[in-house]
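Peer 1: Below are the sequence and a predicted model for it; my questions follow.
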Amino acid sequence: MQSVSVKTPRRRPEYRNIHVLQLRHYRLPPAGIVSILHRVSGVLMFLLLPLILWLFDMSLGSESYESFTSAFVAGIGFVPGWLVKLVAWALIWAYLHHFIAGVRHLWMDMTHAVSLQAGARSAWFTLVASVLLTLVLGAKLFGVL
């Protein structure tokens with residue numbers, strides 16, 4: 001007579017929510033960092049939309065173009081010029097990161113590249129590309145280039 005082995009079903013991993021005190025020990029994967037920063041960049045662009053529209057309006061008029069460029073040197077009202085440049089630099093990062101992360105999501109949707117390795121590679125590319133482009137454009141904004 002043959003012995004019949006009975007397989008016991010594998011126990012599924014148990015996932016728990018982490019406690020607030022465990023957050024500093026939790027290591028978020030690169031894709032999670034990109035996802036959070038994608039949301040942060042979207043909120044930043046939304047909150048600064050009035051400034052973006054004002055800057056766009058000022059840049060279009062030929063007579064107001066001088067006041068547009070002077071906003072980055074002399075400032076706007078009580079806001080110094082270096083702070084205007086810093087806010088513009090934050091907007092540059094927000095736009096670049098949001099755009100590159102959006103293209104990453106579209107690429108993953110079109111190519112079905114949803115493996116852990118592909119996700120990590122594309123997340124690192126998104127982080128590095130957005131930071132490098134932000135540094136280059138920030139150097140141009142602050143007059144280094």
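Peer 2: Received, thanks.

Peer 1: which helices and strands does the helix or strand W124 falls within pack with?
Peer 2: If you go by DSSP states H and E, W124 is part of helix 116-141. In terms of contacts (3 or more C-beta pairs under 8 Å, 6 or more residues apart in numbering; DSSP states H and E), helix 116-141 is packed against helix 30-47, helix 81-111. No exception for glycine: its C-beta is placed from N, CA and C like everyone else's.

Peer 1: OK, contacts around L145?
Peer 2: L145 sits next to V136, A139 when contact means C-beta atoms under 8 Å, 6 or more residues apart in numbering.

Peer 1: rerun at 10 Å
Peer 2: V136, L137, G138, A139 (C-beta atoms under 10 Å, 6 or more residues apart in numbering).

Peer 1: How about K7?
Peer 2: By C-beta under 10 Å, 6+ apart, the contact set of K7 is empty.

Peer 1: Out of the helices and strands packed on helix 116-141, flag the one nearest A129.
Peer 2: helix 81-111 (5.5 Å; C-beta to C-beta).

Peer 1: Report all helices and strands that the closest one contacts.
Peer 2: helix 30-47, helix 49-60, helix 65-71, helix 116-141 (3 or more C-beta pairs under 10 Å, 6 or more residues apart in numbering; DSSP states H and E).

Peer 1: let's go with 6 Å and repeat that
Peer 2: helix 30-47, helix 116-141 (3 or more C-beta pairs under 6 Å, 6 or more residues apart in numbering; DSSP states H and E).

Peer 1: The longest one: which residues count as buried?
Peer 2: With burial defined by 16 or more other C-beta atoms under 10 Å, the residues of helix 116-141 counted as buried are G119, S122, A123, T126, L127, A129, S130, L133, T134, L137, G138, L141.

Peer 1: Same question for stretch 75-89.
Peer 2: Quick answer for stretch 75-89 (16+ other C-beta under 10 Å): I76, V84, K85, V87, A88, W89.
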